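Q: give me a model of this one.
(2 chains)
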Amino acid sequence: GAVVSQHPSRVICKSGTSVKIECRSLDFQATTMFWYRQFPKQSLMLMATSNEGSKATYEQGVEKDKFLINHASLTLSTLTVTSAHPEDSSFYICSASRDRFSYEQYFGPGTRLTVT
Amino acid sequence: GIQVEQSPPDLILQEGANSTLRCNFSDSVNNLQWFHQNPWGQLINLFYIPSGTKQNGRLSATTVATERYSLLYISSSQTTDSGVYFCAVERYRRSGDKLTFGTGTRLAVRP
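A: As a prediction, the model looks like this:
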């Protein structure tokens, strides 16, 4: 149990376009989902926390208008990178907790975004 | 915020060897997880262990919460154990607190 999927696994887009990444909890309902970013050979940094049916909470320094997060159902959260630029190229990983009282997080396989 | 330090940063082992990875953290926690990130980037949950000892096959982990450290033991290492091992901790699930990752231990197991 506790499987999280992400789609797409890899995406290349042109500068100025928008890209949507989906994160799904396959065998459990996730009231809380998290979005992380990882640069090469570095650790994971939390970008935002999303709770189903409410606005996402963004970490300091993360532009909410650039990284749009929607958590419309208990099994799906989306991250849209708007007007992407080469510096947005990175590995984006989502995770989910089973419920508000559960600390353990389960991670998706990640999405590698390359902006040309 | 909470500080998480992992050691060693890099480790090279011969297949079959044992190793111990360490995670030190600066405050009391309600969540401590160990992950293995494979070469394709997937984070695999190894242990959820805010305190105590757990074992899963060749891997085991111990967290001494009062002394703010956790250890991950890998026995009889295999080449498939290669990758980066992260420790991540969280204090409270409330506004402002988050899962904080250490910088990782990069493990290479040679055949």
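Q: quick one: contacts for A:S89?
A: Neighbouring residues of A:S89 by C-beta atoms under 8 Å, 6 or more residues apart in numbering or on different chains: A:L113, A:T114, A:V115. All C-beta spots, glycine's among them, are computed from the backbone N, C-alpha and C.
Q: buried subset of those residues as a PyMOL selection?
A: Buried subset of the contacts of A:S89, written as a PyMOL selection, criterion 16 or more other C-beta atoms under 10 Å in any protein chain shown:
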select buried, chain A and resi 113+115
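Q: so which of the contacts of A:S89 comes closest to chain B?
A: A:L113 (12.1 Å; C-beta to the nearest C-beta).
Q: residue contacts, that closest one?
A: Contacts of A:L113 (C-beta under 8 Å, 6+ apart): A:V11, A:C13, A:V19, A:I21, A:V81, A:A84, A:D88, A:S89, A:S90, A:F91, A:Y92.
Q: Three-state assignment for it, please.
A: strand (DSSP: H, G, I helix; E, B strand; the rest coil).
Q: what residues are bridge-paired with it?
A: With DSSP bridges as the criterion, A:L113 is bridged to A:V11, A:S90.
Q: once you drop chain neighbours, what's closest to the residue nearest the centre of chain A?
A: Closest residue to the average C-alpha location of chain A: A:W35 at 3.5 Å, with C-alpha atoms, centre = their mean. Closest residue to A:W35 apart from its sequence neighbours, by C-beta to C-beta, 6 or more residues apart in numbering or on different chains: A:M47 at 4.6 Å.
Q: follow-up on the earlier one: what is the nearest of the contacts of A:L113 to chain B?
A: A:F91 (5.8 Å).
Q: for the spatially closest residue to the closest one that is not a sequence neighbour, phi and psi?
A: Spatial nearest neighbour of A:F91, excluding adjacent residues (C-beta to C-beta, 6+ apart): A:Q38 at 4.5 Å. Phi and psi for A:Q38, reported as degrees, to the nearest 10, are phi -140, psi 120.
Q: and what of the one 4 residues further on?
A: Reported as degrees, to the nearest 10, the phi and psi values for A:Q42 are phi -120, psi 170.
Q: got it, and B:T80?
A: According to degrees, to the nearest 10, B:T80 has phi -70, psi -10.
Q: could you identify the helix or strand that succeeds the helix or strand hosting A:M47?
A: Here A:M47 sits within strand A:44-51, counting by DSSP states H and E. Counting by DSSP H and E, the next helix or strand C-terminal to strand A:44-51 is strand A:57-58.
Q: contacting residues for B:G57?
A: Counting by C-beta under 8 Å, 6+ apart, B:G57 has no contacts.
Q: and it, how far from B:H36?
A: 12 Å (C-beta to C-beta, to the nearest Å).
Q: any stretches of the chain with poor pLDDT?
A: Reading this off chain A. Low-confidence segments of chain A, defined by pLDDT under 70, span residues A:1, A:100.
Q: um, chain B though
A: B:93-96.
Q: list, one by one, the residues from it near chain A.
A: B:30-31, B:33, B:35, B:40-43, B:45, B:48, B:50, B:86, B:88, B:90, B:93, B:95, B:98-99, B:101-104 (C-beta under 8 Å from any C-beta of the partner chain).
Q: quick one on the thing from earlier: what strands flank the strand holding A:M47, and is each parallel or antiparallel?
A: strand A:32-38 (antiparallel), strand A:57-58 (antiparallel).
Q: deepest-packed of those, please.
A: A comparison of those by mean neighbour count, using mean count of other C-beta atoms under 10 Å in any protein chain shown, puts strand A:32-38 on top with a mean of 23.
Q: who's in contact with the strand holding A:M47?
A: Here strand A:44-51 makes contact (C-beta under 8 Å, 6+ apart) with A:31-38, A:56-59, A:62, A:64, A:67, A:69-71, A:77, A:79, A:93, A:100, B:43, B:86, B:88, B:98-99, B:101.
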